[in-house]
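> Sharing a model prediction with you, sequence too.
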Amino acid sequence: MADDGSETGVPGHQPWAVLARLLCSGRPLGRRELAAEIFSETEDPLGALRWCLASLRRATGAKTLQGDPIVLNFPADTHVDVWRLKSGEVEDAGPTSFLEGVEPAASAAFDTWLLIEREHIASQLYECLRRQSMRALSAGDHVRARSLAERGVRCRPLDESGHIILVKCLAAAGDIAAAVAHAEATEARFLKQTGEKPTPALRAAARKTVTDPPHGVSKTAIIDALIKSGKAAVAAGAVDAGLDCLRRAAADAEKAGDEHLQARALEQLGTSLIHACRGFDDEGALTLQQAADIAVRIGSSDVAAEALCELGYCDALAGRRPSAADYLAEALTHAHGNDERQAGIHAFMGFNLVDWGRVELGVSHFERSLDFARRAENRRREIWALGIGAWGLLRAGRPETARDWLLRCLRLCDDINWLAFRPWPVAILAEARLAIHEIGNTTRADLEEALAVSNQLADPCWQAAAARALALVDVYSGEYKAADRWLIHARERCCSVTDRYAGLLVEIISDQVRLARKAGDDRGAAALARQLLPIVARTHADGHLEFATAALNQSHRSA
């Protein structure tokens, strides 16, 4: 809007490119730098930049975009949607793509920057829409929840998570027919565009509330006993029976008006859906959000801390890092004085930060987690922090310490017979030993055993980790073809579920790029780099951004 209050359009694509670069740079940009980046093919780059700045000045005000480096100097009441997004504010309606419809002709460096920024902003928008929709749904604001969820689906049309939340919003508002219709339409669209149907979680979301248990389930049991028996059943591997118990507990607690028991049941149900039932992370997150909201309202700090912690873990696993950080920070405010809960929260904080690229800070949280776990004498918490923390130590360039953590982790796994976790430290231990050149005669056999156990557990994450480690051993031995097969298998396993571990997927594709280069396959490395960079940007894997960008730029030069 101009100084006199009238609306002024901005002609052409190049001025929008200039404005976008200035708004998102995070630092002042000099005119020559900006001109070289956007107008590299123009005879007079600085002249073209001056024309664009003048066009923008007519639209934004005479005193804006002056100087060298260029100073924005926008009026205090200027609305910049990407800035508001970074502070967690999001509108119910609006565009879903950064610079939607704008494709400026610029340098390869700017094209790469725009690709990254579009993915970053789309991820931030999707995270905000998802979180705000869940909160609106938990608060009973079905109209706003649906509006936000619909925008989320437009933002990521082939992300099952957004469709599950929208179906849940429709069902919660009582429009079961619309919920079922959207689920069916989504199944058809996914089958046509990807060749595969969504998971059963999409259809399951069409229940009106978690209080709609499967038919034929008795409602005569005591609520507290239902919660305990449901939790025990899930832990013992009887997942369906355990979930039925927890749903009944939540239903009975809601009817009885006992919000504390309702929050407990919902927290256990949400946690079970995330950890024990592949593909149901979104329903689990919605359930946990409801549990957290109830617990915070009634002052139940223990339930609030657990629910918020699990929400943080769910987002960290998927690469929604800013959202995960917010949940975990909030969880910590409810966990003071409880060593066991603080151990879990700090472990998840470390998990999120390491894969975010903030490695040293992440490792420090793992160290704090270990202190709390040992103080609480909780060996499972200690095992998890040691095993996943070693992943962070490797990223920090400390393979010897990682090896020591993993050896203790495996001893503790054996002490308490936690077979289901063991494949992870075995896989990461091989990577640590490769880094310090102490591969032993049993390394491959140990990894093959870990893969066999992972297959028995049907755990795609552990399968992918073990296959990736076998690939790294083959690379170390110069067996590049075998390594390539293992990495392909690792990637297939990692991507076989919707609730995949984003950080592991980034590592696997990065390994594929490195292997292609080692094998002299420049074309293959280029294709893999083009796949890697959007995933790195989308999942906030900032520690890989420089590698992915360099790999893509190298492919441009090779072409």
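Noted; the coordinates are in hand.
> Tell me who's in contact with Arg444.
470, 473 (C-beta atoms under 8 Å, 6 or more residues apart in numbering). (Each C-beta comes from the backbone N, C-alpha and C, glycine too.)
> That one sits in which helix or strand?
helix 443-457 (DSSP states H and E).
> And that helix, what's buried?
443-444, 446-447, 450-451, 453-454, 457 (16 or more other C-beta atoms under 10 Å).
> Determine which two of these are furthest apart.
Greatest spacing in the buried residues of helix 443-457, by C-beta to C-beta: Thr443 and Leu457 (21.1 Å).
> circling back: any chance of the buried residues of helix 443-457 in TSV, with distance to Ala550 too?
Output for the buried residues of helix 443-457, formatted as TSV (distance: C-beta to C-beta, whole Å):
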residue	distance to Ala550
Thr443	31
Arg444	32
Asp446	34
Leu447	30
Ala450	32
Leu451	32
Val453	37
Ser454	33
Leu457	37
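> low-confidence ranges in the stretch 301-450 of the chain?
Within the stretch 301-450 of the chain, no range satisfies pLDDT under 70.
> and Leu317, how far is that from Tyr501?
6 Å (C-beta to C-beta, to the nearest Å).
> hang on, I meant Glu100
31 Å.
> Buried ones in stretch 126-139, by neighbour count?
126-138.
> who's more crowded, Glu100 and Tyr501?
Tyr501 (22 against 9; other C-beta atoms under 10 Å).
> In contact with the residue lying closest to that one once chain neighbours are set aside, which residues?
Among residues not flanking Tyr501 along the chain, Cys461 sits closest, at 4.9 Å (C-beta to C-beta, 6 or more residues apart in numbering). For Cys461, the contact set (C-beta under 8 Å, 6+ apart) comprises 424, 494, 500-501, 504.
> quick one, phi/psi of Cys461?
Main-chain torsions, Cys461, degrees, to the nearest 10: phi -70, psi -50.
> What of Ala105?
Main-chain torsions, Ala105, degrees, to the nearest 10: phi -90, psi 110.
> Distance of it relative to Trp83?
Taking C-beta to C-beta, one finds Ala105 at 26 Å from Trp83.
> still on that earlier bit, among the contacts of Cys461, which are located in helices?
Among these, the residues falling in helices (DSSP state H) are 424, 494, 504.
> tell me how far the ends of stretch 84-93 are from each other?
The straight-line separation of the ends of stretch 84-93 (C-alpha to C-alpha, to the nearest Å) is 14 Å.
> contacting residues around it?
Residues contacting stretch 84-93 (C-beta under 8 Å, 6+ apart): 81, 121, 124-125, 128-129, 132, 144, 147-148, 151, 326.
> Just the buried subset of the residues you listed, please.
Here, 16+ other C-beta under 10 Å leaves 81, 121, 124-125, 128-129, 132, 144, 147-148, 151, 326 buried among the contacts of stretch 84-93.
> can you redo these as CSV with distance to Ala385 and secondary structure?
Converted to CSV, these look like this (distance: C-beta to C-beta, whole Å; DSSP: H, G, I helix; E, B strand; the rest coil):
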residue, distance to Ala385, secondary structure
Asp81, 39, helix
Ile121, 33, helix
Gln124, 29, helix
Leu125, 33, helix
Cys128, 30, helix
Leu129, 32, helix
Gln132, 31, helix
Arg144, 39, helix
Ser147, 40, helix
Leu148, 35, helix
Arg151, 37, helix
Asp326, 22, helix
